[in-house]
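In: Predicted structure and sequence below. I'll ask about it afterward.
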Amino acid sequence: MSKVKKIPLTGLKAHQEMIPLNSEVELREEFIKKKKPQDAGVLALFYPSVSQETMLLLILRNTTPGVHSGQMGFPGGRIEAQDKNLEDTALRETYEEIGVLPSNISIVRKLTKTYIPPSNFWVHPYLGLAKKTPKFRRQETEVEQLVPIKLVDFLNEKNIVKETLSTSYGEYIDVPAFSLNNKIVWGATAMVLNEVKTLFKEVY
């Protein structure tokens, strides 16, 4: 992870590879400023399994009336008054949603922020490493399933796919996505994951 910290971020280039086809206009800086988005912090958490494999933890959100209902994502959420900064937000939300204490997580680096048009959020992602195998505790009101991903599967280029989905951007559009553990990961989560993948590809 120390090597990952030193690699220049690929930012928008990595994001653009995973942008849904009909959303380019909504992701332009001048369009975003007019919307006055809120800020949120999320965590891409890597950790050692009991067999010492490197794992990435994603979550499947519960089916609710919200715009991200039933979608794959990272633990995280909007900034609250008690948070000192967005790193604190990501760590607090991670503890609330999956039960890993902030004291057990080392933040490796901040990643490139990305905008989510349907919910009007600037999402600020952080790359974190758990110091030991976590004892996860799922927040049942928010999280339907914890989805652990092996690093070797995450880095496998065969798991980059095109999926035809009905989304807030349009009906039946081709969406670049990750196929991981039989789950389709697309949108802002896939954009952030693609930046993480490009960093890891430099050292693995």
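Out: Arrived safely.

In: Need the mean per-residue confidence for stretch 51-63.
Out: Mean pLDDT, stretch 51-63: 95.

In: Tell me the buried residues in that stretch?
Out: 54-62 (16 or more other CB atoms under 10 Å). In short, each C-beta sits where N, CA and C put it, glycine included.

In: mind checking the SS state of the residue nearest to Pro134 when sequence neighbours are not counted?
Out: Leaving aside its sequence neighbours, Pro134 sits nearest to Val100 (CB to CB, 6 or more residues apart in numbering; 4.6 Å). Here Val100 is recorded as coil under DSSP: H, G, I helix; E, B strand; the rest coil.

In: What lies in contact with the longest helix seen in the chain?
Out: Criterion DSSP state H: the longest helix present in the chain is helix 187-201. Helix 187-201 is contacted by residues 4, 7, 9-11, 14-15, 17-20, 42, 44, 58, 71-74, 111-112, 114-116, 123, 125, 127, 151, 154-155, 167, 175-178, 185 when judged by CB atoms under 8 Å, 6 or more residues apart in numbering.

In: what distance separates the least confident helix or strand in the chain by mean pLDDT from the middle of the whole chain?
Out: Lowest by mean pLDDT, DSSP states H and E among the helices and strands of the chain is helix 29-35, with a mean of 76. Relative to the centre of its chain, helix 29-35 is centred 22 Å away, using CA atoms, centre = their mean, to the nearest Å.

In: Name the next helix or strand downstream of it, please.
Out: Note on helix 29-35: by DSSP states H and E, the next helix or strand toward the C-terminus is strand 38-48.

In: For that following strand, which strands pair with it and how are they oriented?
Out: strand 54-61 (antiparallel), strand 76-78 (antiparallel), strand 121-130 (parallel) (DSSP bridges).

In: Take these and lay them out in JSON lines including distance to Val147.
Out: Formatted as JSON lines, the strands paired with strand 38-48 follow (distance: least, CB to CB, whole Å):
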{"stretch": "strand 54-61", "distance to Val147": "4"}
{"stretch": "strand 76-78", "distance to Val147": "15"}
{"stretch": "strand 121-130", "distance to Val147": "16"}
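
In: quick one, what contacts the nearest residue to Phe121 once chain neighbours are set aside?
Out: Spatial nearest neighbour of Phe121, chain neighbours left out: Ala40 (4.7 Å); criterion: CB to CB, 6+ apart. By CB under 8 Å, 6+ apart, Ala40 lies in contact with 76-79, 86, 89, 121-124.
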